[in-house]
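Engineer: task: produce atomic coordinates for the following.
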Amino acid sequence: MNSLSAALTYADSRRGLGTVRRRIAELQRRIQERPLILIATLVAVWILWGFGYETVWARLTIEIDGTIAARHEVHASGRRGTAYVVRTSDGGEREYVAGATDASLSRDMPIGTAIVKRKWHLSYLRDGIPIDDFPIYAYAGTFGLALVCLLWAGLQLRQH
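Structural biologist: Coordinates of the predicted model:
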């Protein structure tokens, strides 16, 4: 038992601080002894944020149903995209910007294209034709890597 653990054990017994504080200190000690645990955890979090939230979640939450009435190219931060004006069935208009990532729908749809993208679906209909262009297997493999990193880090933390 190192001096930090001994001090926390004594403090817990004398002041009733509980076991949470000891567990946090023990995890900090283990991470300091094995920096690869922190690196693996950070890689997993980065994958889940960048590939999960920023891409898959963004694609899943798109909802469009209408016909493209206008389009123009946009450039931001050195990347190109396409801004569409979509006319809905009730006559309203809404703008959709397709960027340069897998989260976006196609950037090359002409005016007059009927598009239907339902929320919580990765695919969409373009003039009634199903378009399933999302690279699901690549993302599944990437999420698998994140899971392996998290499992490995968790197992390393549990070992003494």
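Engineer: mind checking the longest strand of this structure?
Structural biologist: strand 64-76 (DSSP state E).
Engineer: show me how far the helix or strand following it is from its chain's centre.
Structural biologist: For strand 64-76, the following helix or strand on the C-terminal side (DSSP states H and E) is strand 79-88. The chain centre lies 23 Å from the centre of strand 79-88; the measure is CA atoms, centre = their mean, to the nearest Å.
Engineer: report all helices and strands that strand 79-88 contacts.
Structural biologist: Contacts defined by 3 or more CB pairs under 8 Å, 6 or more residues apart in numbering; DSSP states H and E place strand 79-88 against strand 64-76, strand 93-98. All C-beta spots, glycine's among them, are computed from the backbone N, C-alpha and C.
Engineer: and the lengthiest helix in the chain, average pLDDT?
Structural biologist: Longest helix in the chain, counting residues (DSSP state H): helix 136-158. If you average the pLDDT over helix 136-158, you get 93.
Engineer: got the buried residues for that helix?
Structural biologist: Across helix 136-158, burial judged by 16 or more other CB atoms under 10 Å covers Tyr139, Thr142, Phe143, Ala146, Cys149, Leu150, Ala153, Gln156.
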